[in-house]
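> compute the structure for the input listed below.
(chains A and B)
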2 protein chains.
Amino acid sequence: MPQAKGEHGTMTDSSLLARAAEIAQSVLAGDLRLGARLIRDLDDQTVLAELILRQLWPHTGRAFILGVTGNPGAGKSTVVDSLIAYYRKAGKRVGVVAIDPSSPFSGGAILGDRIRMQRHALDDGVFIRSLASRGHLGGLSRSTGEIVAVLDAMGFEVVIIETVGVGQGEVDVVALADTKVVVTVPGLGDEVQAIKAGILEIADVLVVNKADREGADRTVRDLLTMLELRHVEEPHGPESPSSEVEIIRTVAVRGEGIGELAAAIARNQEKTAGLAAERRARRARRELRDALLDRCAQRVEQVLSRHADWVDQVQRREIDPYSIAERLLVELLGGTRL
Amino acid sequence: MPQAKGEHGTMTDSSLLARAAEIAQSVLAGDLRLGARLIRDLDDQTVLAELILRQLWPHTGRAFILGVTGNPGAGKSTVVDSLIAYYRKAGKRVGVVAIDPSSPFSGGAILGDRIRMQRHALDDGVFIRSLASRGHLGGLSRSTGEIVAVLDAMGFEVVIIETVGVGQGEVDVVALADTKVVVTVPGLGDEVQAIKAGILEIADVLVVNKADREGADRTVRDLLTMLELRHVEEPHGPESPSSEVEIIRTVAVRGEGIGELAAAIARNQEKTAGLAAERRARRARRELRDALLDRCAQRVEQVLSRHADWVDQVQRREIDPYSIAERLLVELLGGTRL
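Predicted structure coming up:
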C-alpha cells in the first residue's frame, strides 16, 4: 500500500496508530459496521486500513475456510445461501467473500444473487462482501486474503469464498481453502465440461446441483470417470486423493441435499485436520508474497514513469523490452546482487 | 528470465549470442520448425530463447492482432477456424495463440477443438499454438505477448488470440488486440449473460454464433440493449464507441456469416487505423512492464527463501505479513528510496 510508507518506522503518525488500535479492538469485538468500513478502506489502500490489518493479523487463523467454485449457472450462490442457513441453525457465524467477475455495468444477474443472499441481511451472524475480480488483476488473491483475514479476526467461525471457477486467478484463490467444494449441474456442453475438468482437481467435495434435472445420473457417472482418471494420473497426488472425493446431489433452491453436503464438508474437514496447520501456513506465506509483489508492482510503475524515454524506445522498436527490463531492474534494486 | 542474467552485458557467452542471432535470422525467414521450438523454449525460460526474442523485437509490430473471446461453448474455435480459412483464401498467413484454461488432465473437448483446427496442419501459412493459462498466473499476458511477438516477427499478417473470456487475466490479454471479437450464442442462462456483459465492453464486433438456433433474435435484441446501456454509461468511452459495434450472425460450422464477420473486422480495422500506433505502443509498454514484474517476482521468491524465519513468524501469527513485506522490500531494493 503506497501511502503506508514508514519503512523505517519513522513516518507513521502515532495518533494514527492509536486510532488504528482502537478500531482494531472494535473490529475484534465484532463491530460489523466498522468491519464493513475497513474492508472498503482496504480496497482503497488507505494507510489507516493497513495499520488496522496489521493489528488484526495475530487474531487470524482460527476460521474454517470453505471454498465454493464451479461452472457459471451451476447455482453456486444458491448452494452457498443454503449452507449459510445450515450453519446458522448450527449456531455458527458465517462470513462470505463473493468474487464477481463483473464489470461496472454487468450487474444484472449477479446483483440478483447478492440480493437473494440478503435474506440474511438482518442476521448479525452473517456477513457477505462482494469483490469484483475486475480491477484486481494479479492482486485478486491479495485482496481476497485481506478480506478473509478481517472476517477471521471478527470471529466468524466459517468463512466462505465463493467464485466462478473459470479464470485461473479465481481458481487459485479457492485452491488454498481448507475444504474446496466444486458445484456443477447436469446438461452442460462439452467445452464447459472441459473447464470443469480444469477445476476438478482442487475439489474435495463435488456437488451436482439441480439434481432433479434430466441427466443427473450421467453427470455423476462422468464425474466418477474423471475422478478415476485423476487417480490414475496423480497416484501420489496432494492432500485429498480423488478416491476420497465425495459426490453429493443437491437441489439447493429447495434445500435438498444441503445437510448431506454439510456432512461431507465436515468429514473432509475432520479427515484433513492434520493438514490444517500446513494450509494456514501456506495461506500466510501467500499473503506475505502477495503483499511484497504488490509493493514491487507499484515501484515498477514508478520506474516506468521516470523512464518514459526508454519506454518510447521500446515502443518504437529501437530496443527490446527484455534488455530494458534488465536495466530498469538494476535501478529498481539499487545495484544489489541477490 | 532467471538464467538470462548478464545484467551488465558481461555474463553472456558470445557464442550463445551468435547462435541466437543465427536462429533469429531463420525464424525471421519463416522457419516454422525453429519458430515452434522457440515458443516451447520461451515457456521454459531458457537463456537462448530470451536472446533470440531480443533480436526479433525490432521486427515486430507489423501484424494485425485480432482478439477472439466469448462464453464457454459459444463456438469460438469454430469461428476462428472459419476465419483462418477465409484469410487463407485472401492470401494472408495466419498465426493463432489459443489460450486454454485447461489443466493437464482436462484435455477432452479442448483437445478436440485443437484437432479440428488441425485441418490447417499441412498448410505452411497457418501456425497454431496453444498456451495453458494454468501455470501462467499473473504471467499470462507476458507469455501471450512473447508468442505474439514471435508470430509477428515470423511474418504472419494476422495473429489471432483466442481465449475463453471469463477470467480477468484472459480478458486483459484480449483487450489489447487491434480488433476484439466477442462470440456468444442464443439460449444461455442468466449468470452466463452477466459474465458476457463483463466482456462486452471490450467488443468491437459481436458475433451471435449458432444463429440458426431458437432465440437468436432475442439474443441480438439483448445485445443491442446492453450496447445502448454501455453508450449511456460511457458517453465519452474509449476508442470504439458502442454505437459503432456491429452485431454479426454466424453459423460457423457451415461457414455462414464468416464473410460478413471478416468484413466487419476489416471495417473496424480501417475505422480505428489512426489508433493502431497507440495500441502497438500500449502493447509494447505492457510487454516491458510484464518483463519487469516477472523479474521482480523471481527476486521476491528468492528473498522469501532466504528469510524462512520471518516467513515462519508470519505463519505463527507472531508478526503480520504487511510489516514483514515492508522490511523485505527494503532488502529487495537495497535501501534505495524511489
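
> C-alpha from now on. contacts and neighbour counts both.
Noted.

> for the biggest helix by length in chain A, name the packing helices and strands.
In chain A, with assignment by DSSP state H, the single longest helix is helix A:276-306. In this structure, helix A:276-306 packs against helix A:140-153, helix A:321-332, helix B:276-306, helix B:308-315, helix B:321-332, with contacts taken as 3 or more C-alpha pairs under 8 Å, 6 or more residues apart in numbering or on different chains; DSSP states H and E.

> how far does the last one sit from its chain's centre?
Averaging C-alpha coordinates over helix B:321-332 and over its chain gives two centres that are 33 Å apart (C-alpha atoms, centre = their mean, to the nearest Å).

> what would the helices and strands packed on helix A:276-306 look like in TSV with distance to B:Gly169 and mean pLDDT?
Shown next, in TSV, are the helices and strands packed on helix A:276-306 (distance: least, C-alpha to C-alpha, whole Å; pLDDT from 0 to 100):
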stretch	distance to B:Gly169	mean pLDDT
helix A:140-153	10	88
helix A:321-332	21	88
helix B:276-306	13	89
helix B:308-315	28	91
helix B:321-332	25	88
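
> can you tell me which of these is nearest to A:Ala24?
Closest approach to A:Ala24 among these (C-alpha to C-alpha): helix A:140-153, 9.3 Å.

> quick one, the longest helix of chain A and helix B:321-332 angle?
50 degrees (axes from the mean of the first three to the mean of the last three C-alpha atoms, to 10 degrees).

> in helix A:276-306, what counts as buried?
For helix A:276-306, a neighbour-count test (16 or more other C-alpha atoms under 10 Å in any protein chain shown) marks A:276, A:279-281, A:283-297, A:299-300, A:303-304 as buried.

> next: stretch A:206-224.
So, applying 16+ other C-alpha under 10 Å, buried residues of stretch A:206-224: A:Leu206, A:Val207, A:Val208, A:Asn209, A:Lys210, A:Ala211, A:Ala216, A:Thr219, A:Val220, A:Leu223, A:Leu224.

> what are the contacting residues of that stretch?
Residues outside stretch A:206-224 that contact it (C-alpha atoms under 8 Å, 6 or more residues apart in numbering or on different chains): A:74-75, A:79, A:181-187, A:245-252, A:261.

> looking at those, which are in strands?
Counting by DSSP state E, the part of these found in strands is A:Val181, A:Val182, A:Val183, A:Thr184, A:Glu246, A:Ile247, A:Ile248, A:Arg249.

> before we move on, back to that, would you format the helices and strands packed on helix A:276-306 as JSON lines with distance to A:Leu32 included?
Formatted as JSON lines, these follow (distance: least, C-alpha to C-alpha, whole Å):
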{"stretch": "helix A:140-153", "distance to A:Leu32": "10"}
{"stretch": "helix A:321-332", "distance to A:Leu32": "41"}
{"stretch": "helix B:276-306", "distance to A:Leu32": "35"}
{"stretch": "helix B:308-315", "distance to A:Leu32": "26"}
{"stretch": "helix B:321-332", "distance to A:Leu32": "23"}
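
> all strands of chain A, in order?
Using DSSP E, strands in chain A cover A:64-70, A:94-100, A:126-132, A:158-163, A:179-184, A:205-208, A:246-249.

> looking at the ones you listed, which one has the lowest mean pLDDT?
Mean pLDDT values for these show the minimum at strand A:126-132, a mean of 83.

> is that strand positioned near chain B?
No - if you take C-alpha under 8 Å from any C-alpha of the partner chain as the test, strand A:126-132 misses chain B, and the best it gets is 10.0 Å.

> narrow the buried residues of stretch A:206-224 to those in helices?
A:Ala216, A:Thr219, A:Val220, A:Leu223, A:Leu224.

> closest one of those residues to chain B?
The shortest gap between chain B and any of those belongs to A:Leu223, at 11.9 Å (C-alpha to the nearest C-alpha).

> low-confidence stretches in the stretch 101-250 of chain A?
A:101-119, A:121, A:133-139, A:165-168, A:188-198, A:230-243 (pLDDT under 70).

> neighbours of A:Gly187, how many?
14 (other C-alpha atoms under 10 Å in any protein chain shown).

> which residue is the nearest non-sequential neighbour of it?
Leaving aside its sequence neighbours, A:Gly187 sits nearest to A:Gly215 (C-alpha to C-alpha, 6 or more residues apart in numbering or on different chains; 6.2 Å).

> break chain A down into its structural domains.
Domain ranges of chain A: A:1-58, A:60-273, per automatic domain parsing.

> highest mean neighbour count out of those?
domain A:60-273 (a mean of 20; mean count of other C-alpha atoms under 10 Å in any protein chain shown).

> the residue nearest the centre of chain A and A:Trp57, how far apart?
Centroid-nearest residue in chain A: A:Val173, 4.0 Å away (criterion: C-alpha atoms, centre = their mean). Using C-alpha to C-alpha, to the nearest Å, A:Val173 is found at 19 Å from A:Trp57.

> touching, A:Ile265 and A:Thr179? I think so.
Yes - counting by C-alpha atoms under 8 Å, A:Thr179 is a contact partner of A:Ile265 at 6.8 Å.

> so what sits against both of these two?
Contact with both A:Ile265 and A:Thr179 is made by residues A:Val205, according to C-alpha under 8 Å, 6+ apart.

> residues in contact with the residue nearest to the centre of chain A?
So A:Val173 contacts A:Leu140, A:Ser141, A:Thr144 (C-alpha under 8 Å, 6+ apart).

> shouldn't the second one be in contact with A:Leu288?
Spelled out, that is A:Ser141. No - using C-alpha under 8 Å, A:Ser141 is not in contact with A:Leu288, being 11.1 Å away.

> ok, the closest residue in space to A:Leu131 that isn't next to it in sequence to B:Pro72 distance?
The spatially closest residue to A:Leu131, leaving aside those adjacent along the chain, is A:Ile99, at 4.8 Å (C-alpha to C-alpha, 6+ apart). Distance from A:Ile99 to B:Pro72, counting by C-alpha to C-alpha: 19 Å.

> list the beta-bridge partners for the residue nearest to A:Leu131.
A:Leu131, A:Thr163 (DSSP bridges).

> tell me if I'm right that A:Ala21 and A:Gln55 touch.
Yes - look at A:Ala21 against A:Gln55 with C-alpha under 8 Å: they come within range, at 6.8 Å.

> overlap in contacts, those two.
By C-alpha under 8 Å, 6+ apart, no residue touches both A:Ala21 and A:Gln55.

> what sits against A:Ile23?
Here A:Ile23 is in contact with A:Leu34, A:Ile52 (C-alpha under 8 Å, 6+ apart).

> can you give me the pLDDT of it?
96.

> how much space between it and chain B?
A:Ile23 is 17 Å from chain B, where distance means C-alpha to the nearest C-alpha, to the nearest Å.

> which residue sits closest to whatever residue of the stretch 201-338 of chain A ends up closest to chain B, ignoring its sequence neighbours?
Nearest to chain B, among the residues of the stretch 201-338 of chain A, is A:Leu333, at 4.2 Å (C-alpha to the nearest C-alpha). Excluding its sequence neighbours, the residue lying closest to A:Leu333 (C-alpha to C-alpha, 6+ apart) is B:Leu333, at 4.2 Å.

> what's the burial count for that neighbour?
Neighbour count for B:Leu333, taken as other C-alpha under 10 Å: 20.

> hang on, the earlier thing: which pLDDT value goes with the residue of the stretch 201-338 of chain A closest to chain B?
pLDDT, A:Leu333: 75.

> quick check: it touching B:Leu329?
No - here A:Leu333 does not reach B:Leu329: they are 9.6 Å apart, not a contact under C-alpha under 8 Å.

> tell me what angle the longest helix of chain A forms with strand A:179-184.
70 degrees.
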